[in-house]
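1. Next come a sequence and a model predicted from it.
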Amino acid sequence: MTPFRPARFRPARPTSATALAVCVAAFATLAAAAPVPAATPQHGPRPLPGITPRAETATLYDDEKGGNANADDPAIWRNPAAPDRSLVIATAKEGGLRVYGLDARLVQSLPAPAAPGPDDAPGRFNNVDLVHGVRLSWGRTADLAVTTDRGHDRLRVHRIDPSRPGAPLTDVTDPAAPRVFSADQDEVNEQSTAYGLATWTDRRSGRSYALASRSDRTSIALLELLPTRSGTVTYRKVRSLDLPSAFRLPDGTRWSPCGEPGELPQVEGMVVDPADGTLYAGQEDVGIWRMPADLRGKPVLVDKVREYGVPGTYDEESEECAPGRDPGFGGTRISADVEGLTLFTERNGDRYLLASSQGDDSFAVYGLRTGRGKGAGYAGGFRVTAASATLDGSEECDGAAAVNQPLGRRYPGGLLVVQDGRATPAQDGREATGFKFVDLRKVRGALGLPRAAE
């Protein structure tokens, strides 16, 4: 089997000895116009408040003994008829999809598709997002979970059926669904394939879309989701957009993030604000971009990682980048990689964007267009820290999802789910990952937001 190419290597970054984790920084009036104002670069861990998770999923292990499962990205499906029976749908890369109840216990496990041939890459589920109320062929509507299959360069679509509590997800991907970026299987095996994901329903037309980014490239593709007569779902590419890979710095020099030769600064974390159809995309070594979700407008870089502008030299032997002198052009709130993006809306209309600052195990939180809340701009941040000796926090977070609606008795004030890239207990050097469930009321408390009525 052709092995997966390793992820891009980046400058060494400090990590915490304790289980720190997800920083939430509230972005603001990004949908309106001006970028978040720059500030003096500040390196090292920030003195952010810590919040503790309420529950965690069983640890996944990325090896043959553990089914090559690697936790990556979550989505939260709210059951409107029975909020206590809501679900967390999460990717496990070669391990496929995992479905959890609100108690963080496994409900369903779906394998990734097999490799089409002995020398081809297997399925590899990377990111997941939800589409609500899609009308399928038989006239009924359904909620769908859409996933990027990085291994096969396709989208996978699963219908969510709450009437099947033990197996709520059913694969409805059309067998003829096209590759997203690759021309043929040989190109698929190189793994510059569909990677990050966000979904979007255009309120004007009612059409539903997925936005997929490309691994090791700067491309984002807009894909319209199309139900077929047979009850499956396919898609067509509408258009694509390439973000910059090189940048002119204030001193007149040009800079590109350091990485493995031939690889460009990729996007993974993405989310669309349904209120105005704005896409927020995290270019991992660069920062957070804002653009129209239809990809027709000009992208605006609204915040930068601290490492923005820092030169680096790639060392083939160590497969790492040695950073040079920091010229001071980076931001202060997020540290590379910028990863999972999610947002939630308060009852007064305030909207907040949460970005995983993977480099310092935190989340950066920004206020979008707001009503009576804290106003526009950076709202604060926090870390997810250990609740006990057996319930650790989150480190090196890849993905996050938030729902600010009552989810029954367990989470009456909403739920935040974050990936933990260094879950415990680790065993014999095995790569251990999982997901942490956090009461969203704790996020509000850490940010000083008004307490929502429940």
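-> Arrived safely. Residues are numbered from 1 along each chain as shown.

2. Quick one: residues contacting R239.
-> 221-222, 294-296 (CB atoms under 8 Å, 6 or more residues apart in numbering). Quick note: C-beta positions are derived from backbone N, CA and C, even for glycine.

3. And the next helix or strand past the host helix or strand of it?
-> Using DSSP states H and E, R239 sits within strand 233-242. Per DSSP H and E, the first helix or strand lying C-terminal to strand 233-242 is strand 247-248.

4. Next one: the residue lying closest to P244 once chain neighbours are set aside, what pLDDT does it get?
-> Distances taken as CB to CB, 6 or more residues apart in numbering put T218 closest to P244, at 6.9 Å, once the chain neighbours are dropped. pLDDT, T218: 98.

5. one step back: now the strand holding R239: buried residues?
-> Across strand 233-242, burial judged by 16 or more other CB atoms under 10 Å covers 233-235, 240-241.

6. How about stretch 195-206?
-> With burial defined by 16+ other CB under 10 Å, the residues of stretch 195-206 counted as buried are 195-201.

7. Tally up the residues packed near Q419, please.
-> Neighbourhood size, Q419 [other CB atoms under 10 Å]: 31.

8. again but with G429, I slipped
-> 7.

9. residue ranges for the helices of the stretch 351-454 of the chain, please.
-> Remark: helices assigned in the stretch 351-454 of the chain by DSSP state H, counting those that start in this stretch are 440-447.

10. for it, what are the low-confidence residue spans?
-> 369-376, 451-454 (pLDDT under 70).

11. all strands for it, in order.
-> According to DSSP state E, counting those that start in this stretch, the stretch 351-454 of the chain carries its strands in the segments 351-357, 362-367, 377-384, 400-403, 415-420, 432-439.

12. before we move on, what about the stretch 51-200 of the chain?
-> 55-56, 60-61, 74-77, 87-91, 97-101, 106-110, 125-135, 141-149, 154-160, 169-171, 194-201.

13. mean confidence score for the third one?
-> Along strand 74-77, the predicted confidence averages to a pLDDT of 98.

14. residues in contact with it?
-> Applying CB under 8 Å, 6+ apart, the external contacts of strand 74-77 come out as 86-91, 128-130, 143, 145, 160, 399-403, 407, 415, 417-419, 435.

15. Can I get that strand in PDB, CA atoms only?
-> Below are the C-alpha coordinates for strand 74-77, written out as PDB (Å, rounded to 0.1, in the frame of the first residue of the first chain):
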ATOM      1  CA  PRO A  74     -16.600  16.700  15.700                       C
ATOM      2  CA  ALA A  75     -20.100  17.900  14.800                       C
ATOM      3  CA  ILE A  76     -23.100  18.100  17.100                       C
ATOM      4  CA  TRP A  77     -26.500  17.100  15.900                       C
END
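
16. Give me the distance from that strand to the chain's centre.
-> Here the centre of strand 74-77 is set off from its chain's centre by 11 Å, with CA atoms, centre = their mean, to the nearest Å.

17. which stretches of the stretch 1-150 of the chain have low pLDDT?
-> Checking the stretch 1-150 of the chain against pLDDT under 70 turns up 1-46, 138.

18. make it 80
-> 1-46, 137-139 (pLDDT under 80).

19. And the helices in it?
-> For the stretch 1-150 of the chain, no helices are identified by DSSP H, counting those that start in this stretch.

20. For the closest residue in space to L264 that isn't next to it in sequence, list the residues it contacts.
-> Nearest residue to L264 in three dimensions, chain neighbours excluded: S245, at 4.4 Å (CB to CB, 6+ apart). By CB under 8 Å, 6+ apart, the contact set of S245 is 218, 256, 264-265.

21. Same check on R254?
-> When contacts are counted by CB under 8 Å, 6+ apart, R254 touches 246-248.

22. And it, how far from G309?
-> 10 Å (CB to CB, to the nearest Å).

23. Give me the buried positions along the helix or strand harbouring L301.
-> L301 is part of strand 300-304 when elements are defined by DSSP H and E. Within strand 300-304, the residues that qualify as buried are 301-304, counting by 16+ other CB under 10 Å.

24. State the pair within the buried residues of stretch 195-206 that is farthest apart.
-> Farthest-apart pair in the buried residues of stretch 195-206 is Y195 and T201; separation 21.8 Å (CB to CB).

25. Show me what V438 is bridged to.
-> L416 (DSSP bridges).

26. so what's it up against?
-> Neighbouring residues of V438 by CB under 8 Å, 6+ apart: 22, 51-54, 384, 415-418.

27. before we move on, what about A401?
-> Contacts of A401 (CB under 8 Å, 6+ apart): 73-76, 88, 340, 342, 416-417.

28. between those residues, which is closest to R444?
-> Nearest to R444 among the contacts of A401, with distances taken as CB to CB, is L416, at 10.3 Å.

29. The closest one reaches V443, doesn't it?
-> Yes. The criterion here is CB atoms under 8 Å, and L416 meets it with V443 at 5.8 Å.

30. follow-up on the earlier one: top of the contacts of V438 by neighbour count?
-> The most crowded member of these, judged by other CB under 10 Å, is V22 (36 neighbours).

31. First-to-last residue distance for stretch 247-262?
-> Stretch 247-262 has an end-to-end distance of 17 Å (criterion: CA to CA, to the nearest Å).

32. buried ones in that stretch?
-> Residues of stretch 247-262 classed as buried by neighbour count (16+ other CB under 10 Å): 247, 255, 257-260.

33. what do you get for stretch 396-403?
-> Here stretch 396-403 shows 396-403 as buried, counting by 16+ other CB under 10 Å.

34. Quick one: those as CSV, columns for distance to L97 too.
-> Formatted as CSV, these follow (distance: CB to CB, whole Å):
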residue, distance to L97
E396, 21
C397, 19
D398, 15
G399, 13
A400, 17
A401, 14
A402, 20
V403, 18
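
35. Just give me the closest of these to D103.
-> Nearest member of the buried residues of stretch 396-403 to D103, counting by CB to CB, is V403, at 15.9 Å.

36. wait, the closest one sits on P412?
-> No. Using CB under 8 Å, V403 is not in contact with P412, being 11.9 Å away.

37. Bridged to I220, which residues?
-> S213, L241.

38. and it, what does it touch?
-> Neighbours of I220 in contact, by CB under 8 Å, 6+ apart: 211-214, 240-243, 267, 270, 279, 281, 295.

39. Format the CA atom coordinates belonging to stretch 211-230 as CSV.
-> Coordinates of each C-alpha in stretch 211-230 appear next as CSV, following Å, rounded to 0.1, in the frame of the first residue of the first chain:
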residue,chain,number,x,y,z
LEU,A,211,-16.8,23.8,1.1
ALA,A,212,-13.7,21.5,1.0
SER,A,213,-10.1,22.5,1.3
ARG,A,214,-7.2,20.6,-0.2
SER,A,215,-4.4,19.0,1.8
ASP,A,216,-0.9,20.6,1.2
ARG,A,217,-2.4,23.3,-1.1
THR,A,218,-4.2,26.6,-0.6
SER,A,219,-7.3,25.6,-2.6
ILE,A,220,-11.0,25.7,-1.4
ALA,A,221,-13.7,24.3,-3.5
LEU,A,222,-17.5,25.0,-3.4
LEU,A,223,-19.5,21.9,-4.0
GLU,A,224,-23.3,21.8,-4.4
LEU,A,225,-24.9,18.8,-2.8
LEU,A,226,-27.4,17.1,-5.1
PRO,A,227,-29.9,14.4,-4.1
THR,A,228,-30.4,11.7,-6.8
ARG,A,229,-33.5,9.8,-7.9
SER,A,230,-32.2,6.7,-6.2
